[in-house]
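Asks: take this sequence and fold it.
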Amino acid sequence: MISLFHFLFILISYSKINKLSFFSFLTPFRYATLREKREGNIQQRSETNQLITLTDCRIPESDRLQKCDSFKDTAKVLQMTRAGVAWQAVGCARGAYEAALKYTKKREQFGKPIASFQLVQNHLVEMVANLTAMQTMCFRLSELQDEGLLTDEHASLAKVFCSMRTRDVVSQAREVMGGNGILLEYDVARFVADAEAIYSYEGTKEINTLIYSLHLGVNATRTKTPTRAKG
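Replies: Numbering: from 1, shown residues only. Below is the predicted model of the structure:
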């Protein structure tokens, strides 16, 4: 299942001389067959997700993407998209915070806006703190990208941190809105659902954590099996 775009980025692989080679092609949308549209999606509902199949599809050599002939090259796309998802998390968190701030300034209890209550202020300040940290990290991430210094570790760490903090922000936004926080008309419920998607795609927290662990000199996938002591 992938989202629909005017062009599909299709990765085609085959074995040649006992080595696995990868070739990527820009495949015109007209070659695709769409079926099994995904229904009942609670997050990012503006996207249309369907199963896409290609049958008897012949793509000319002129449509092959140059300098993209290994999975390592393809993985560079994930580096960029993970950085993009980190920014997406910032946008989701900011939307939730702004909706919550607006609501708490207008909603009145005991003759005054609930934003004037200290416990509500505590939630608002914690949301701002998380949002500021996320924005600062993503600004630096973009600087590294512009300088050509962005690494897989940078992108993975940003994706992990921002997606986690976004969950915290949307949770607090929903909390300060009480029962109204689960109503679509107040927007925060939508941000809560979107935050769960952001937390999962472009590599889960666990996968991105393993990627960053390589930077720490720890590789969980290559640890040696302890030898049994003799005697």
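Asks: and residue 82, how far from residue 169?
Replies: 19 Å (C-beta to C-beta, to the nearest Å). C-beta: built from backbone N, CA, C; applies to glycine.
Asks: who does the longest helix seen in the chain touch, helix- and strand-wise?
Replies: Ranked by residue count and defined by DSSP state H, the top helix of the chain is helix 71-106. Applying 3 or more C-beta pairs under 8 Å, 6 or more residues apart in numbering; DSSP states H and E, one finds that helix 71-106 contacts strand 19-28, strand 112-113, helix 118-146, helix 152-176, helix 188-200.
Asks: most tightly packed of these?
Replies: Comparing the helices and strands packed on helix 71-106 on average neighbours per residue, with mean count of other C-beta atoms under 10 Å, the densest one is helix 152-176 at a mean of 23.
Asks: now that one and helix 188-200, what's the angle there?
Replies: 160 degrees (axes from the mean of the first three to the mean of the last three C-alpha atoms, to 10 degrees).
Asks: can you spell out which helices and strands pack onto helix 152-176?
Replies: Helix 152-176 packs on helix 71-106, helix 118-146, helix 188-200, helix 205-213, going by 3+ C-beta pairs under 8 Å, 6+ apart.
Asks: the domain parsing of this protein - what is it?
Replies: 2-63, 71-216 (automatic domain parsing).
Asks: what's the closest of the helices and strands packed on helix 152-176 to residue 162?
Replies: Between residue 162 and the helices and strands packed on helix 152-176, the shortest separation by C-beta to C-beta is 3.8 Å, and it involves helix 71-106.
Asks: just the angle between the closest one and helix 205-213, please?
Replies: 120 degrees.
Asks: all good on my end, thank you.
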